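1. Quick one, fold the following:
(2 chains)
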Amino acid sequence: EAQVTQNPRYLITVTGKKLTVTCSQNMNHEYMSWYRQDPGLGLRQIYYSMNVEVTDKGDVPEGYKVSRKEKRNFPLILESPSPNQTSLYFCASSLSGSQPQHFGDGTRLSIL
Amino acid sequence: GENVEQHPSTLSVQEGDSAVIKCTYSDSASNYFPWYKQELGKGPQLIIDIRSNVGEKKDQRIAVTLNKTAKHFSLHITETQPEDSAVYFCAASKAGGSYIPTFGRGTSLIVHP
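-> Below you'll find the model as predicted:
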């Protein structure tokens, strides 16, 4: 089954404790992205990757890092999380920038 | 950069009625316009999309129209059913260049039985 898998689905942690949210897709897609969803603000792109070892900033990259060492994986790293990064996060993949995106089921992060 | 405005933010209809959600975009170079449905606890899922060389596209009870001159596109759902209740997002992007699709802020559709 074609899918994008994120882990963990839920995480409560404290300010400053490094965390990583993993994302994996099994569709051999070139493009992968991370979004955050906040009430009233819709989906905002954090980082995207057009291919292995190619990443670029989206609209709200501050406080986040990503890497794309393999085509299928695109982890999101919060090196020093802060409360304003409490949000619902989605990973997505697609064949190209102008093709439909396939989203994971989300990761709800709470930073205390 | 691109700016996408989506209206209304909330839409409440009776089962069987039609629902229309409208989006406007600012970048005339945008040429791909998908619509996503997000159910509670799930990620957004594509329901229909349209490209700039097409004015209208239909898929059963769902249709999307695009007016390139006015830079707006709309989602039409006919004969709404309770299972259509969800948050709907429009988006705009363009082939080539930086890959940053811009999403609208979402419309919460409530279909009352």
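
2. near chain B, which residues of chain A?
-> Contacts of chain A with chain B, taken as CB under 8 Å from any CB of the partner chain, map to A:4, A:31, A:33, A:35, A:40-45, A:48, A:50, A:56, A:58-59, A:90, A:92, A:96-106. Just so you know, the C-beta spots here come from the backbone N, C-alpha and C atoms, and that holds for glycine as well.

3. Please name the bridge partners of the closest residue to chain B within chain A.
-> Using CB to the nearest CB, the single residue of chain A nearest to chain B is A:Phe103, 3.2 Å away. Note on A:Phe103: beta-bridge partners A:Ala92, judged by DSSP bridges.

4. what's the answer for A:Tyr48, then?
-> A:Ser33, A:Asp56.

5. what about it, how many residues close to it?
-> 26 (other CB atoms under 10 Å in any protein chain shown).

6. Spit out the contact partners of it.
-> A:Tyr31, A:Met32, A:Ser33, A:Trp34, A:Thr55, A:Asp56, A:Gly58, B:Tyr99, B:Ile100 (CB atoms under 8 Å, 6 or more residues apart in numbering or on different chains).

7. can I get these in JSON lines with neighbour count, distance to B:Arg61 and pLDDT?
-> JSON lines is the format used below for the contacts of A:Tyr48 (neighbours: other CB atoms under 10 Å in any protein chain shown; distance: CB to CB, whole Å; pLDDT from 0 to 100):
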{"residue": "A:Tyr31", "neighbour count": "21", "distance to B:Arg61": "30", "pLDDT": "92"}
{"residue": "A:Met32", "neighbour count": "27", "distance to B:Arg61": "32", "pLDDT": "94"}
{"residue": "A:Ser33", "neighbour count": "26", "distance to B:Arg61": "29", "pLDDT": "95"}
{"residue": "A:Trp34", "neighbour count": "27", "distance to B:Arg61": "32", "pLDDT": "97"}
{"residue": "A:Thr55", "neighbour count": "17", "distance to B:Arg61": "39", "pLDDT": "94"}
{"residue": "A:Asp56", "neighbour count": "14", "distance to B:Arg61": "38", "pLDDT": "92"}
{"residue": "A:Gly58", "neighbour count": "20", "distance to B:Arg61": "33", "pLDDT": "90"}
{"residue": "B:Tyr99", "neighbour count": "21", "distance to B:Arg61": "31", "pLDDT": "60"}
{"residue": "B:Ile100", "neighbour count": "18", "distance to B:Arg61": "31", "pLDDT": "71"}
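
8. Distance check, the residue nearest to the spatial centre of chain A against A:His102.
-> With distances taken as CA atoms, centre = their mean, A:Trp34 lies nearest the centre of chain A, 3.0 Å away. Relative to A:His102, A:Trp34 is positioned 14 Å away (CB to CB, to the nearest Å).

9. list residues touching both of the two?
-> A:Ala92.

10. Tell me which stretches of chain B form strands.
-> Secondary structure of chain B by DSSP state E: the strands cover B:4-7, B:10-14, B:19-25, B:32-38, B:45-51, B:56-59, B:62-67, B:72-77, B:86-92, B:102-103, B:107-112.

11. cool, chain A as well?
-> Counting by DSSP E, the strands of chain A are A:4-7, A:10-13, A:19-25, A:31-38, A:42-51, A:54-57, A:65-66, A:76-78, A:87-94, A:102-103, A:107-111.

12. so what secondary structure elements neighbour the second one?
-> Strand A:10-13 sits against strand A:19-25, strand A:107-111, with contacts defined as 3 or more CB pairs under 8 Å, 6 or more residues apart in numbering or on different chains; DSSP states H and E.

13. Appreciated, that's everything.
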